[in-house]
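**Student:** Quick check, what structure comes out for this input:
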Amino acid sequence: MIPDATIDEVRQSADIVDIISDYLTLQPSGRNFKALSPFTREKTPSFIVSTDKQIYKCFSTGKGGNVFSFVMEMEKVPFPEAVELVAKRAGLDISRLFGESGKKSEEEDSRTRTLRWAARLFHSSLNADKGNEGYAYLAASRGLTAATINSFGLGYAPPGWDQLLKAAKRDGIPHTHLQLLGLITENRQKKSWYDTFRNRVMFPIFSIGGQVVGFGGRTLETRDDAPKYLNSPESPLFEKSKLLYGLHAAKQVIRKSETAILVEGYMDVIALHQAGLQSAVASCGTSLTRHQAKILKRYTKQVLFIYDADPAGRKSMMSGIEVLLAENITPVILLLPQGDDPDSFVQREGREKFLELADTAGLGVVDFQILFHTEAGNFGKPEQKADAIRSMVHTISLVPDPLRRELYLGELSEKTGISLQALHELCESEQKNALREYRPERKEKIDPVAAPPPAEVSILEKTFLKALLESAAYGNTVLEFAASHETMLVLQSSAAREIFTRLITRYRGISDEPEARIDIASAVSMLESPEARDLATGLLIEQPVSSRWLEKGDQHEENAKRCLTMFLDAFRNLILAPLLHEKEQVTESIRTETETEREIELSKEKIALDRKIRKTATELNTMIASILDRRQP
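**Tutor:** Predicted coordinates for the structure are as follows:
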């Protein structure tokens, strides 16, 4: 297990806004930041990030947590790996905590561990004698340096049928992981398994956060029946339509330069990065998808779009332009000389020539579409020209921004001679057709038997927990009191009980150190149930208990006092609540009782309860007044 102190250190070293900005486009909103939820489709941002409290809350789905739980959600990794990823992002080395013995027990079921193992195996094979052919291909044939090869973790899968299988057995890698991740393939006739990747240069594919999620393998075979590229099969970890190759290395440069270079293949990305063009990413050998465009939109609103110059490449660019425009991203299309791809061009001409070509030869959306249809001979006959114009207007109709849409239509009118009015009518028609074709997704019905709703958290419990959570920022007075009176409290909600128990446990772990404080954001991340995590972050993200304290002179002291006062008031009410409930039940029984003797017994019971309530209330009020008096200056 990772020590609590290390978890706190990592959490305090990483700014949640910086981490989440790697995944979402955050916009300032008062003291917080907001974004569209990554967990659902929405048009109005409901995802809130608190800089002060270092937590997030999605009000569309109810999900919440701190930087660790966010990375767990986005990267699909367990808690220890999330801590390790955040530590790396914060510049901390906690690898000493992940010895092989500890790792094996904690990550036995982690498929990401198997993928990392495979990446290391392929990379070590490339650098061994058996990898000479692969290294020669990358270094001599493709012009990559050792630094570039290491930077992208490139590897080699030797020609044998069971090289990986034997290594996995030696290293204790579960066979089921190899099977699920597509690293081995079944021979059904022989009822045996063999390595999927053989005699291939291997390209690890990384998530945004830098986790290996799959592989692409380029064959070195000369046989025609061997596929040139072979990718990992689709899995929850590896969805090609939701990945951009190289983004883990390019994201910061893209954000800084405000432009991404979008290419088609792995080698294009690597060659551009090696040449100093480190904003390059690739769509993993597929046509650009809406999800990939949404990811790009987090970092930039402009894309330099470069696919192969052959007819297939240009057709892919036409569909890719529509995807980018629909996300309000401005594409600039760069057509390389015939026979060139980004890899070959930059290897031959260099970085400066590439940038010069991009500045002078980059085409806007309308110019590229006109060129495409002209070269295809679509402007010859009126019928063909009408179809081409309709196709271009359809593309423009996808632009959400009405001002940009108007400018594109004006440019198209000027360059084709078609009246702006005719283009407007056509555009409106295209938009109406799109609305008719749209069908909202049906939400799955939740089976109330299979998924019972969690128990409601009372307002009293929420008030109690909110004051307890907020108080930790101002000392241990409230936690100390709560710990010493733990047995008196009865919390009905399981989520509320988990939060309370976790905080008391953390407090007892530091109670011997008077100056020590609990890091609430770290404590929240260690709550086991999502319900408890979501409840805690929801309470923390709301308006503080003591919202008026900012008007006071001694802000810290005043806020601490208000937290304590509200906590003690909620504590008193929680103690009295069961007694008052019992009194209500007895009173109702007296009202409906028909036997005189039983009614007398119930009346005596009610009198005793009244006395107990008064006595308990008096004792609690005295105790609370004493505590508050001790807080007076």
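**Student:** only C-alpha atoms for contact and neighbour calcs from this point on.
**Tutor:** Noted.
**Student:** How far off centre is stretch 322-336?
**Tutor:** Here stretch 322-336 shows a centroid-to-chain-centroid distance of 25 Å under the convention C-alpha atoms, centre = their mean, to the nearest Å.
**Student:** What mean pLDDT does stretch 272-285 get?
**Tutor:** For stretch 272-285, mean pLDDT rounds to 92.
**Student:** Give me the buried positions along that stretch.
**Tutor:** 272-275, 277-285 (16 or more other C-alpha atoms under 10 Å).
**Student:** Which pair of the residues you listed spans the longest distance?
**Tutor:** Within those, 275 and 285 form the most distant pair, 21.2 Å apart (C-alpha to C-alpha).
**Student:** ok, the nearest residue to residue 475 once chain neighbours are set aside - how many residues close by?
**Tutor:** Nearest residue to residue 475, sequence neighbours excluded (C-alpha to C-alpha, 6 or more residues apart in numbering): residue 517, at 6.7 Å. Using other C-alpha atoms under 10 Å, residue 517 is surrounded by 16 other residues.
**Student:** Okay, residue 517 and residue 53: tell me how far apart.
**Tutor:** 14 Å (C-alpha to C-alpha, to the nearest Å).
**Student:** For the chain, give the helix that spans the most residues.
**Tutor:** Using DSSP state H, we find that the single longest helix of the chain is helix 555-592.
**Student:** contacting residues around the residue nearest to residue 475?
**Tutor:** Applying C-alpha atoms under 8 Å, 6 or more residues apart in numbering to residue 517 gives the contacts 472-473, 475-476, 510.
**Student:** Redo those as a markdown table? Include distance to residue 261, secondary structure and pLDDT.
**Tutor:** Shown next, in a markdown table, are these (distance: C-alpha to C-alpha, whole Å; DSSP: H, G, I helix; E, B strand; the rest coil; pLDDT from 0 to 100):
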| residue | distance to residue 261 | secondary structure | pLDDT |
| --- | --- | --- | --- |
| 472 | 47 | helix | 74 |
| 473 | 45 | helix | 69 |
| 475 | 50 | coil | 71 |
| 476 | 52 | coil | 75 |
| 510 | 50 | helix | 77 |
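**Student:** Adding distance to residue 366 and neighbour count, write those residues out as JSON lines.
**Tutor:** Listed next are these as JSON lines, based on distance: C-alpha to C-alpha, whole Å; neighbours: other C-alpha atoms under 10 Å:
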{"residue": "472", "distance to residue 366": "58", "neighbour count": "20"}
{"residue": "473", "distance to residue 366": "57", "neighbour count": "17"}
{"residue": "475", "distance to residue 366": "62", "neighbour count": "16"}
{"residue": "476", "distance to residue 366": "64", "neighbour count": "20"}
{"residue": "510", "distance to residue 366": "65", "neighbour count": "14"}
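**Student:** could the residues you listed go into a markdown table alongside distance to residue 612?
**Tutor:** Formatted as a markdown table, the contacts of residue 517 follow (distance: C-alpha to C-alpha, whole Å):
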| residue | distance to residue 612 |
| --- | --- |
| 472 | 32 |
| 473 | 35 |
| 475 | 33 |
| 476 | 31 |
| 510 | 36 |
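**Student:** And those, which is closest to residue 354?
**Tutor:** residue 473 (53.5 Å).
**Student:** what secondary structure does residue 217 sit in?
**Tutor:** Secondary structure state of residue 217, per DSSP: H, G, I helix; E, B strand; the rest coil, is strand.
**Student:** Which strand or helix spans the residue nearest to residue 475?
**Tutor:** Counting by DSSP states H and E, there is no helix or strand that carries residue 517.
**Student:** how much space is there between it and residue 480?
**Tutor:** 12 Å.
**Student:** did I read that right, residue 186 in a strand?
**Tutor:** Yes. Counting by three-state DSSP, residue 186 is located in a strand.
**Student:** ok, it - how many residues close by?
**Tutor:** 14.
**Student:** what's near enough to touch the closest residue to it other than its chain neighbours?
**Tutor:** Closest residue to residue 186 apart from its sequence neighbours, by C-alpha to C-alpha, 6+ apart: residue 193 at 4.5 Å. The contact partners of residue 193, by C-alpha under 8 Å, 6+ apart, come to 184-187.
**Student:** In terms of pLDDT, where does residue 193 sit?
**Tutor:** In this prediction residue 193 is given a pLDDT of 94.
**Student:** Just to be sure, it is in a strand?
**Tutor:** Yes. Counting by three-state DSSP, residue 193 is located in a strand.
**Student:** Distance check, it against residue 174.
**Tutor:** Computed as C-alpha to C-alpha, the residue 193 to residue 174 distance reads 14 Å.
**Student:** same deal with residue 378?
**Tutor:** 57 Å.
**Student:** And for residue 483?
**Tutor:** As judged by C-alpha to C-alpha, residue 483 and residue 174 stand 44 Å apart.
**Student:** show me where pLDDT drops low in the stretch 301-450 of the chain?
**Tutor:** The model of the stretch 301-450 of the chain has pLDDT under 70 over residues 435-450.
**Student:** which element is residue 463 on?
**Tutor:** Here residue 463 is assigned to helix 459-471, by DSSP H and E.
**Student:** Export that helix to CSV, keeping only CA atoms.
**Tutor:** Only the C-alpha atoms of helix 459-471 are listed here, as CSV (Å, rounded to 0.1, in the frame of the first residue of the first chain):
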residue,chain,number,x,y,z
ILE,A,459,-30.3,17.3,5.5
LEU,A,460,-29.1,16.9,9.1
GLU,A,461,-26.4,14.4,8.1
LYS,A,462,-25.4,16.6,5.1
THR,A,463,-25.0,19.6,7.4
PHE,A,464,-23.0,17.6,9.9
LEU,A,465,-20.7,16.2,7.3
LYS,A,466,-20.2,19.5,5.5
ALA,A,467,-19.1,21.3,8.7
LEU,A,468,-16.8,18.3,9.5
LEU,A,469,-15.2,18.3,6.1
GLU,A,470,-14.7,22.1,5.9
SER,A,471,-13.4,22.3,9.5
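**Student:** Pull the distance from that helix to the chain's centre.
**Tutor:** 29 Å.
**Student:** Please apply the same query to stretch 481-492.
**Tutor:** With C-alpha atoms, centre = their mean, you get 36 Å for stretch 481-492.
**Student:** For the protein, give me the ranges with low pLDDT.
**Tutor:** Scanning the chain for pLDDT under 70 picks out 1, 95-109, 285, 435-455, 473-474, 514, 543-564, 623-624, 626-633.
**Student:** Nearest to the spatial middle of it, which residue is it?
**Tutor:** Nearest to the geometric centre of the chain sits residue 74, at 3.0 Å (C-alpha atoms, centre = their mean).
**Student:** mind listing the strands for the stretch 401-550 of the chain?
**Tutor:** Using DSSP state E, counting those that start in this stretch, the stretch 401-550 of the chain contains no strands.
**Student:** Residue 49 is in contact with residue 34, isn't it?
**Tutor:** Yes. The pair residue 49 / residue 34 is scored as a contact, 6.1 Å apart, by C-alpha atoms under 8 Å.
**Student:** the more surrounded of those two?
**Tutor:** residue 49 (28 against 22).
**Student:** Wait, a strand at that one?
**Tutor:** Yes. Assessed with three-state DSSP, residue 49 lies in a strand.
**Student:** partner residues bridging the closest residue to it other than its chain neighbours?
**Tutor:** Once flanking residues are discounted, residue 49 sits nearest to residue 56: 4.3 Å by C-alpha to C-alpha, 6+ apart. Judged by DSSP bridges, the bridge partners of residue 56 are residue 49, residue 65.
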